[in-house]
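Enquirer: Return a 3D structure for these sequence lines:
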Amino acid sequence: MRGARPVVSIDSAKKFAERQGYRWVPNPDADLPYDAIAYRDHDAIVIRVRTSRNSPGKFEMWEDFFYEDVEILKALPMSELISRELWVRYVWSRVFQRYRLLGDKLMEINMIDREQPVFDKVGKKAISSLCSVSIKDPEIK
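Expert: Have a look, this model is predicted:
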């Protein structure tokens, strides 16, 4: 990759991840070419953030367009149980396009960007409040 890491886009990616319910852990080692690890409940992902002026053409494959980033994500020395994602922010857009690496292919993930976290943990009180049971027998309490 040419140039420095996109610091402003990385800060925006952190806010986006937190709105989606992820915990953001920045990369502590500058030698490893990823920007953060994000996790929530049963999902952990390694994220590489990129800002791009151009988008893939109508008939162009994402993994060909983002070839360098795909090769970097594939070469990361981490368990294969941790998913790898490329988050791209185009200069004309304020939202991120998420691409998850599955084998040699990039798959686009559509996420709705909301103000509040979408995937909050549901506690026992919230689940019990969803259920309504009426008991008419006075002996049953």
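Enquirer: Where does pLDDT dip in the protein?
Expert: Where the chain drops to pLDDT under 70, the residues are 1-3, 58-59, 111-141.
Enquirer: in the protein, which residue is closest to the centre?
Expert: By CA atoms, centre = their mean, the chain has its centre lying nearest to Ala17, at 6.0 Å.
Enquirer: Show me which positions of the helix or strand containing that residue end up buried.
Expert: Here Ala17, judged by DSSP states H and E, is contained in helix 7-19. The neighbour-count check on helix 7-19 (16 or more other CB atoms under 10 Å) flags Ser9, Ile10, Ser12, Ala13, Lys14, Phe16, Ala17, Arg19 as buried. Where you see a C-beta, it was placed from the backbone N, CA and C, and this is true even at glycine.
Enquirer: follow-up on the earlier one: quick check: the residue nearest to the centre of the chain touching Ile47?
Expert: Yes. At 7.5 Å, Ala17 counts as touching Ile47 under the criterion of CB atoms under 8 Å.
Enquirer: shared neighbours of the two, anything?
Expert: Here Ala17 and Ile47 share the contacting residues Ala36, Ala38, scored by CB atoms under 8 Å, 6 or more residues apart in numbering.
Enquirer: now the longest strand seen in the chain and helix 7-19, what's the angle there?
Expert: Counting by DSSP state E, the longest strand found in the chain is strand 43-52. Strand 43-52 runs at 150 degrees relative to helix 7-19, counting by axes from the mean of the first three to the mean of the last three CA atoms, to 10 degrees.
Enquirer: and strand 43-52, which strands flank it?
Expert: Here strand 43-52 has these sheet partners by DSSP bridges: strand 36-40 (antiparallel), strand 83-90 (parallel).
Enquirer: Do you have the helices of the protein handy? List them.
Expert: In the chain, the helices defined using DSSP state H lie at 7-19, 62-65, 67-74, 124-130.
Enquirer: picking that back up, for the buried residues of helix 7-19, give me JSON lines that also has distance to Asp29.
Expert: Shown next, in JSON lines, are those (distance: CB to CB, whole Å):
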{"residue": "Ser9", "distance to Asp29": "20"}
{"residue": "Ile10", "distance to Asp29": "15"}
{"residue": "Ser12", "distance to Asp29": "22"}
{"residue": "Ala13", "distance to Asp29": "18"}
{"residue": "Lys14", "distance to Asp29": "18"}
{"residue": "Phe16", "distance to Asp29": "23"}
{"residue": "Ala17", "distance to Asp29": "19"}
{"residue": "Arg19", "distance to Asp29": "26"}
